[in-house]
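Peer 1: Pasting the sequence and the predicted coordinates here, then a few questions.
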Amino acid sequence: MPKTLAEIAIEAGLVTRAEATRAGRAAEKSGVPLVVAFVRDCEIDELALVAAIRKQTRVAGMDPGTVRPEGEALRAVSREVCRRHRVLPVQLVTDRGGVRVLRVAMADPTDAAALAEVEHAAGCELEVHVLPLSAIDELTEQGYRAQAPPVPRRPFGAALHVATQPHLRRDPIGDDTVLTPSTAPFHVIADEADASLRIRAVVKVLAARGLLTEAEVEAAVIDLMKAGNVSEPE
């Protein structure tokens with residue numbers, strides 16, 4: 001009967017039986033694979049764990065520096081499934097018998113439940129290799145991020161809109177002057193208002209909202225005039 005990851009780690013002297021038990025409970029509670037709890041909580045040396053796995057399972061390893069996940073392989077299994085089981089789809093091939101085979105790297109190739117779900121999701125047979133957990137996480141993120149469609153960028157100023165209105169331009173023709181329509185940038189009419197008109201507009205808005213009355217405005221004006229803050233027109 002194949003050995004479990006806990007048994008492999010215990011026999012290799014990487015964890016004690018008590019530590020393996022605590023890691024198993026922590027993994028179940030947080031919903032992560034046991035290998036994550038081993039590396040994160042028990043601080044197992046990843047390379048030593050990979051070596052122990054390869055010795056006990058005869059699963060081939062991969063060089064993290066040369067692994068380049070192919071787009072077709074990544075599309076065969078969802079990102080969510082890969083992150084949950086710490087699986088990296090690497091290559092999708094067809095063998096001589098016409099059978100489609102997905103080459104994957106796993107941090108824990110002894111996880112039978114993970115293997116079954118990945119095989120079902122891909123709809124093909126699996127060729128399993130082992131990689132350190134940190135390499136699986138990094139390469140998975142890089143691979144799926146590269147597959148994401150680029151976000152379109154709008155050219156600078158694309159959202160700007162300049163409205164125009166006809167103006168009259170004087171074009172000299174001989175001794176006469178004729179007026180011809182031209183186009184100039186449209187400006188806001190309120191820009192032409194002076195300070196007094198703007199103040200009247202503010203008062204109108206406040207009165208419409210019931211925040212003050214005309215009588216209150218008149219009283220305030222009289223008070224200012226008596227105080228000498230406003231000069232009467234000549």
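Peer 2: That came through fine.

Peer 1: drop to CA atoms for contacts and neighbour counts, all remaining ones
Peer 2: Will do.

Peer 1: how near is the most centrally placed residue in the chain to residue 65?
Peer 2: Residue closest to the mean C-alpha point of the chain, counted by C-alpha atoms, centre = their mean, is residue 145 at 9.6 Å. Counting by C-alpha to C-alpha, to the nearest Å, the gap between residue 145 and residue 65 amounts to 18 Å.

Peer 1: Likewise for residue 122?
Peer 2: Using C-alpha to C-alpha, we find residue 122 at a distance of 25 Å from residue 65.

Peer 1: So if I had to pick from those two, which one is more boxed in?
Peer 2: Residue environment comparison for residue 122 versus residue 65 gives the larger neighbour count to residue 122, 20 against 8, counting by other C-alpha atoms under 10 Å.

Peer 1: List the contacts of that one.
Peer 2: When contacts are counted by C-alpha atoms under 8 Å, 6 or more residues apart in numbering, residue 122 is found next to 76-77, 102.

Peer 1: related to what we said a few turns ago, which strands or helices does whichever strand or helix holds the residue nearest to the centre of the chain pack on?
Peer 2: Assigned by DSSP states H and E, residue 145 belongs to helix 133-147. Contact here means 3 or more C-alpha pairs under 8 Å, 6 or more residues apart in numbering; DSSP states H and E; on that basis helix 133-147 packs against helix 34-40, helix 71-76, helix 79-85, strand 87-94, strand 100-106.

Peer 1: for it, the distance to its chain's centre please.
Peer 2: 15 Å (C-alpha atoms, centre = their mean, to the nearest Å).

Peer 1: how many other residues sit next to residue 220?
Peer 2: Under the neighbour criterion other C-alpha under 10 Å, residue 220 is assigned a count of 12.

Peer 1: what about this protein, any weak spots by pLDDT?
Peer 2: For the chain, residues meeting the criterion pLDDT under 70 lie at 150-193, 226-234.

Peer 1: ranges for the helices of it?
Peer 2: If you assign secondary structure with DSSP state H, the helices in the chain sit at 5-11, 17-30, 34-40, 46-57, 71-76, 79-85, 112-122, 133-147, 195-208, 214-226.

Peer 1: ok, residue 37 touching residue 23?
Peer 2: Yes - counting by C-alpha atoms under 8 Å, residue 37 does reach residue 23; the two are 5.4 Å apart.

Peer 1: For those two, work out which one has more neighbours and name it.
Peer 2: The neighbour comparison of residue 37 against residue 23 (other C-alpha under 10 Å) goes to residue 23, with 24 against 21.
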